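Asker: I'd like to go over a predicted model; first the sequence, then the structure.
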Amino acid sequence: MSKQFPADFLWGCATASYQVEGAAHAEGKGESIWDRFSHTPGKVKNNDTGDVACDHYHKWAEDIALMQELGLKGYRFSLAWPRIIPTGRGEINQRGLDFYNRLVDGLLEAGITPFATLYHWDLPQALQDRGGWPSRDTAQAFAEYASVCYEALGDRLQNWITLNEPWVVADLGYREGIFAPGHQSVPETLAAAHHLHLASGWAVQAFRESGQAGKIGITLNLAPIQPLTDSEADAGAADRYDQWLNRWWLDPIFRGAYPEGIHALLEAQMPEVREGDMQVANTPLDFLGLNYYFRQMAEQAPREFLDVKVSYGSGPKTAFGWEIYPEGYYEMMTRLAREYGVEDLYLTENGAAYNDVIAADGEVHDPERIAYLQAHLEQVGRAIQDGVPVRGYFLWSLMDNFEWAAGFSMRFGIVYSDYPTLRRIPKDSAKWYAEVMARDGVG
Ligand code: IFM
């Protein structure tokens, strides 16, 4: 098996606004649902907040220098909607846009291709107060916000991602309630999901109408769902959960319809789906972004959502308790090409959390992360070899950051964030990744 990647393969790292920027109240930024949620006692581990995080908002130039030193060809980050339009709709905050102007210009000067995600979970709180994603108006507001971004940055920024992991927004935010805004309602979840589809589709349409050059796609978190046992009941559970985690997103985007099986089960709780909505969801994209971390095992479980309980597989785990299952990466990549005809695939996130510490020699030794990345990149090489059109890989994450409900307790970075001093210390994995990028391969 060749482990070499094409010479134009885009090697990069990813971050997201609320996780790294800090500067929660700087220069006119509005409140986001994650500001509100993290400041609600008991919602985030150790009551950590993103108020300061990695202070990337002020340290962006240093961070670009670090990226350049490592040899990154691409950098995926997200734009904070409440920084640009503090109340979600209406007045634009030029100082917020100027931050992204500086960042994009700095990346281009450094020879690094910027990929910007328009929405990585930090909804303006003002829009949440008016109903959040379960309200159809939020989707319309998102398209307006997207147009503001295209207009301000699109002359230089040519790679756009509408949404990051809409399943997480809908499921963890509105059903399980472990992420902002912390609701627990299936009808709200389904309404949020539908409006996320509309938001993305309308944002893509607005991009085409803007006449800007460049490409636009969406990033989904997808995973193989396997039955826990060989019982027929668990096989059914796995199929239903696959429809929820994977197909609820892929089918509308690529086929213009929700998967029929669980749609029939959920119909009574569905929001209004207006004529033309599914065509909006089906608006053609330039690429798909795949985020992959682990597979899930499904078992029949009455009283659970869709009568399914999911768990991690029995293999070795990262510090987050997530099973390490690199074969699942190959499985998802090939499935996307085979079943959905994906022609341009970017791997927009993949990585692992470990309990890294600064060793006595002042370095951060993370051999487990290197092994995780190596194993996953081998699967990427295998998929490319088998004809899957993979164009790039963005490692999650450039540096340790605010890991949502887990706060700062989970470290995903290849660069260690020393939070008290805000010092960045490249871990062994950063040096390893620099070599991988330099020689376009993991062999
Ligand atoms: O940190 C997150 C990121 O924001 C979205 N994808 C998964 C990562 C690890 O949990």
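Answerer: Cool, got the structure.

Asker: give the contact list for the closest residue to the ligand within the stretch 51-200 of the chain.
Answerer: Closest residue of the stretch 51-200 of the chain to the ligand, CB to the nearest ligand atom: residue 165 (5.7 Å). For glycine as for every other residue, the C-beta is placed from the backbone atoms N, C-alpha and C. Residue 165 sits next to 219, 220, 221, 291 when contact means CB atoms under 8 Å, 6 or more residues apart in numbering.

Asker: quick one: pLDDT of it?
Answerer: Residue 165 is assigned a predicted lDDT (pLDDT) of 99.

Asker: for it, grab phi and psi.
Answerer: phi 50, psi 60 (degrees, to the nearest 10).

Asker: just give me the neighbour total for the residue nearest to residue 111 when sequence neighbours are not counted.
Answerer: Spatially, and ignoring its direct neighbours in sequence, residue 111 is nearest to residue 68 (7.3 Å; CB to CB, 6 or more residues apart in numbering). Counted by other CB atoms under 10 Å, the residues lying close to residue 68 total 15.

Asker: what packs against the one helix or strand residue 68 maps to?
Answerer: For residue 68, the host element (DSSP states H and E) is helix 56-70. Packing partners of helix 56-70 (3 or more CB pairs under 8 Å, 6 or more residues apart in numbering; DSSP states H and E): helix 94-109, strand 423-426, helix 428-439.

Asker: that one: which residues count as buried?
Answerer: For helix 56-70, the buried set under the neighbour-count rule, 16 or more other CB atoms under 10 Å, comprises 56, 57, 59, 60, 63, 64, 66, 67, 70.

Asker: report the two of those separated the most.
Answerer: Comparing every pair within those by CB to CB identifies 57 and 70 as the most remote, at 20.8 Å.

Asker: where along the stretch 1-150 of the chain do the strands fall?
Answerer: Per DSSP state E, counting those that start in this stretch, the stretch 1-150 of the chain carries strands over the ranges 10-14, 74-78, 113-119.

Asker: residues of the stretch 101-250 of the chain that sit close to the ligand?
Answerer: residue 165 (CB under 6 Å from any ligand atom).

Asker: burial of the closest residue to residue 415 other than its chain neighbours, as a residue count?
Answerer: Among residues not flanking residue 415 along the chain, residue 399 sits closest, at 4.0 Å (CB to CB, 6+ apart). For residue 399, the tally of surrounding residues (other CB under 10 Å) stands at 25.

Asker: do residue 242 as well
Answerer: Residue 242 has 22 nearby residues by other CB under 10 Å.

Asker: show me what the helix or strand containing it packs onto, helices and strands only.
Answerer: If you go by DSSP H and E, residue 242 is part of helix 232-242. Counting contacts by 3+ CB pairs under 8 Å, 6+ apart, helix 232-242 packs against strand 225-227, helix 260-266, strand 296-300, strand 308-311.

Asker: list the buried ones in that helix?
Answerer: 234, 235, 236, 237, 238, 239, 240, 241, 242.

Asker: what of stretch 421-441?
Answerer: In stretch 421-441, counting by 16+ other CB under 10 Å, buried: 422, 424-430, 432-434, 436-437.

Asker: now do it, average pLDDT.
Answerer: 96.

Asker: what does stretch 371-390 give?
Answerer: pLDDT averaged over stretch 371-390 gives 98.

Asker: please save the CA atoms from stretch 342-360 in CSV.
Answerer: Below are the C-alpha coordinates for stretch 342-360, written out as CSV (Å, rounded to 0.1, in the frame of the first residue of the first chain):
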residue,chain,number,x,y,z
VAL,A,342,-18.9,12.9,-3.4
GLU,A,343,-16.3,14.3,-5.8
ASP,A,344,-14.4,16.6,-3.6
LEU,A,345,-13.8,15.5,0.0
TYR,A,346,-12.0,17.5,2.7
LEU,A,347,-11.2,15.8,6.0
THR,A,348,-12.0,18.9,8.1
GLU,A,349,-11.3,17.3,11.5
ASN,A,350,-9.6,14.3,13.0
GLY,A,351,-7.5,14.0,16.2
ALA,A,352,-7.4,12.8,19.7
ALA,A,353,-7.3,14.1,23.3
TYR,A,354,-4.7,12.9,25.7
ASN,A,355,-3.6,14.0,29.1
ASP,A,356,-0.5,15.9,28.0
VAL,A,357,1.9,17.4,30.5
ILE,A,358,5.1,19.5,30.2
ALA,A,359,7.9,17.0,31.0
ALA,A,360,11.0,17.7,33.0
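
Asker: do it and the ligand meet?
Answerer: Yes. Legend: contact between stretch 342-360 and the ligand by CB under 6 Å from any ligand atom is shown at residue 349.

Asker: surely residue 427 meets residue 356?
Answerer: Yes. Counting by CB atoms under 8 Å, residue 427 touches residue 356, with 6.3 Å between them.

Asker: between these two, what contacts are shared?
Answerer: 364, 366, 369, 416.

Asker: turn those into a markdown table, columns for neighbour count and distance to the ligand.
Answerer: Shown next, in a markdown table, are the shared contacts of residue 427 and residue 356 (neighbours: other CB atoms under 10 Å; distance: CB to the nearest ligand atom, whole Å):
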| residue | neighbour count | distance to the ligand |
| --- | --- | --- |
| 364 | 24 | 19 |
| 366 | 24 | 16 |
| 369 | 28 | 13 |
| 416 | 22 | 16 |
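
Asker: rewinding a little: filter the contacts of residue 165 down to the ones in helices?
Answerer: Among the contacts of residue 165, DSSP state H puts none in helices.

Asker: residue 274: which of those is nearest?
Answerer: residue 220 (23.4 Å).

Asker: that closest one and residue 288 touch, don't they?
Answerer: Yes. Contact criterion CB under 8 Å: residue 220 and residue 288 qualify, at 7.1 Å.

Asker: which one's the longest helix in this structure?
Answerer: helix 186-210.

Asker: mind listing what's buried in that one?
Answerer: Those buried within helix 186-210 under the rule 16+ other CB under 10 Å are 188-204, 206-207.

Asker: and it, what other elements does it pack with?
Answerer: If you count contacts as 3+ CB pairs under 8 Å, 6+ apart, helix 186-210 packs onto helix 136-153, strand 159-164, helix 166-167, strand 215-221, helix 248-255, helix 277-281.
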